[in-house]
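>>> Here is a sequence with its predicted model. Questions after.
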Amino acid sequence: MAPLHAAPPPPSASAAAAAVSSSSAPPLFLPRPYHHRRAPSSCSLTVTAAAPSRKAFLACPDHSPAAAPPRAGRVAPSSSPALVSSVQDLYDFICSGPLVDRIGYTKEKIAESIDRWLRSGVQVARLFRLNELQLSEAEKARIYHFYIPVFLWCEDQVIEHRAKYNEGDDIPPLVIGVSAPQGSGKTTLVFALDYLFRVAGRNSATLSIDDFYLTAKEQNELRDRNPGNSILEFRGNAGSHDLQFSVETLESLIKLTKEDMKMKLPRYDKSAFGGRGDRADPSLWPEVEGPLEVVLFEGWMLGFKPLPNEVVKAVDTQVMDFVSRYLPAYHAYLPTLYKEGPNGSKPDHLLVIDIDEERSPIWGS
């Protein structure tokens, strides 16, 4: 699938591409072991013939379930025969998606909420400068089989979270985490989710684990303290982030519950120092205003748990170049993540998605 190129958000969503916030505790993502399902001939289960399919994880902090308000809609928003036929075709296409069962949508529920699917589809298509009436099959799948189902799942999580509070309470934003390997499309997914939340009237913010890399000075000091350790020579792996700074940022964001509250969000400049990177000047950090309802937090290693040094060292010896500096971490940490998941997560508030080499979903669990 050709990459989607995002158009700038409208003025009301000018911060959609880069903003941050956090709830009472940063969520880490609970992946569960999965079994490959055979995909149709038009898609591939694997990134390469020898590599397992990429996975994307979405999770929310544990919260008590609450009934979501009913959704209303109609199957055919117009009496035009041509449009009715078109909507029926799209309805059938939506129902065939690989994630609808996992997010709890039956054919009847999709029919009841078809206006919402159509409206969201138009919004996403225009966000990525696509003609919503002339989408290719790949573009239609990306929008109606991936972005919108994930958004609706996230929206249900927000509704449940906010239902725990009484009217007039200060409600902290819900943190939704997105964990997936580099190149899997998680940043674009978060961009689309943030935009959909904003056009739906929910104030949202986005944050990446990359925003918490050590400063250039701190990274140089880390490298000097660990001569010969290629894992810590450059930014990227665990150990090259300012964890205390990330915790303080998230704790501040969950307090952004009132209209008169503002906060600047840290940003990292990967182009600084010839590509070695440095934290951007605070004067360039974007500002987010309360009250926040949603925080989308993405990162390639969110949910990884600490492992004994000997386990990690057994595969770090494989590091040969920039890309392979990340692969040992996956080999070391992912088995535990798949088996146990991060602390505090529960299956009822987790969405696990298998995606193919074109970043299209093939299964959800």
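Received, thanks.
>>> going forward, measure contacts between C-alpha atoms and count neighbours the same way
Will do.
>>> Give me the three-state assignment for residue 178.
With DSSP: H, G, I helix; E, B strand; the rest coil as the basis, residue 178 sits in strand.
>>> Please tell me I have it right and it contacts residue 298.
Yes: if you go by CA atoms under 8 Å, residue 178 and residue 298 touch, sitting 4.5 Å apart.
>>> Common neighbours of the two, please.
Common neighbours of residue 178 and residue 298 are listed as 186, 190 (criterion: CA atoms under 8 Å, 6 or more residues apart in numbering).
>>> where in the stretch 51-200 of the chain is pLDDT low?
51-85 (pLDDT under 70).
>>> residue boundaries of the helices in it?
Remark: helices assigned in the stretch 51-200 of the chain by DSSP state H, counting those that start in this stretch are 81-95, 107-112, 114-127, 137-142, 148-162, 186-199.
>>> Could you do the stretch 201-350 of the chain as well?
Here the stretch 201-350 of the chain has its helices, by DSSP H, counting those that start in this stretch, at 216-225, 243-253, 309-316, 327-340.
>>> pLDDT averaged over the longest one, what's the number?
So the one you mean is helix 327-340. Across helix 327-340, the average pLDDT comes to 74.
>>> Equivalent analysis for the first one, please.
In this model, helix 216-225 has an average pLDDT of 94.
>>> what packs against it?
Identification of packing neighbours for helix 216-225 by 3 or more CA pairs under 8 Å, 6 or more residues apart in numbering; DSSP states H and E yields no helix or strand.
>>> With only the CA atoms kept, save it in PDB.
The C-alpha coordinates for helix 216-225 follow below in PDB (Å, rounded to 0.1, in the frame of the first residue of the first chain):
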ATOM      1  CA  ALA A 216      22.600  15.500  23.300                       C
ATOM      2  CA  LYS A 217      24.900  16.300  26.200                       C
ATOM      3  CA  GLU A 218      23.400  13.500  28.400                       C
ATOM      4  CA  GLN A 219      23.600  11.000  25.500                       C
ATOM      5  CA  ASN A 220      27.300  11.800  25.000                       C
ATOM      6  CA  GLU A 221      27.900  11.300  28.700                       C
ATOM      7  CA  LEU A 222      26.000   8.000  28.600                       C
ATOM      8  CA  ARG A 223      28.200   6.800  25.600                       C
ATOM      9  CA  ASP A 224      31.400   7.800  27.400                       C
ATOM     10  CA  ARG A 225      30.400   5.800  30.500                       C
END
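>>> mind showing which ranges of the stretch 201-350 of the chain have poor pLDDT?
In the stretch 201-350 of the chain, residues with pLDDT under 70: 312-315, 317-326, 338-339, 341-344.
>>> so residue 269 makes contact with residue 280?
Yes: with contacts counted by CA under 8 Å, residue 269 reaches residue 280, the gap being 5.2 Å.
>>> still on that earlier bit, so which of the helices of the stretch 201-350 of the chain gets nearest residue 195?
Of all the helices of the stretch 201-350 of the chain, helix 243-253 sits nearest to residue 195, with 19.0 Å by CA to CA.
>>> Buried ones in the closest one, by neighbour count?
Neighbour-count burial for helix 243-253, counted by 16 or more other CA atoms under 10 Å, picks out 246, 249-251, 253.
>>> just to revisit the earlier point, and residue 178 and residue 298? which has more neighbours close in?
Per other CA atoms under 10 Å, whichever of residue 178 and residue 298 has more neighbours is residue 178, with 28 against 24.
>>> gap between that one and residue 297?
Note on residue 178: its distance to residue 297, by CA to CA, to the nearest Å, is 6 Å.
>>> sorry, back to before: out of the helices of the stretch 201-350 of the chain, which gets nearest to residue 109?
helix 327-340 (30.9 Å).
>>> Report all helices and strands that that closest one contacts.
For helix 327-340, the packing partners by 3+ CA pairs under 8 Å, 6+ apart come out as helix 309-316.
>>> OK, contacts around residue 171?
Residue 171 makes contact with 162, 165, 257, 293, according to CA under 8 Å, 6+ apart.
>>> ok, the residue nearest to the third one when sequence neighbours are not counted - contacts?
Ranked by CA to CA, 6 or more residues apart in numbering and with sequence neighbours excluded, the top spatial neighbour of residue 257 is residue 291, at 4.1 Å. By CA under 8 Å, 6+ apart, residue 291 lies in contact with 203, 256-259, 261.
>>> Most neighbours among those, which one?
Counting neighbours by other CA under 10 Å, the top entry in these is residue 256, with 25 neighbours.
>>> State the distance from the residue nearest to it when sequence neighbours are not counted to residue 259.
Ranked by CA to CA, 6+ apart and with sequence neighbours excluded, the top spatial neighbour of residue 256 is residue 290, at 5.0 Å. Shown here: residue 290 relative to residue 259, a distance of 5 Å by CA to CA.
>>> Also residue 271?
Separation of residue 271 from residue 259 (CA to CA): 34 Å.
>>> do the same with residue 88
Using CA to CA, we find residue 88 at a distance of 42 Å from residue 259.
>>> swap in residue 219?
Relative to residue 259, residue 219 is positioned 37 Å away (CA to CA).
>>> cool, and residue 207?
Look at residue 207 and residue 259: by CA to CA, they are 20 Å apart.
>>> Kindly report the same for residue 171.
Computed as CA to CA, the residue 171 to residue 259 distance reads 12 Å.
>>> Who are the contact partners of residue 363?
Applying CA under 8 Å, 6+ apart to residue 363 gives the contacts 37, 98-99, 353-355.
>>> What count of nearby residues applies to the spatially closest residue to residue 245 that is not a sequence neighbour?
The shortest distance from residue 245 to any non-neighbouring residue, by CA to CA, 6+ apart, is to residue 212 (7.0 Å). Neighbour count for residue 212, taken as other CA under 10 Å: 21.
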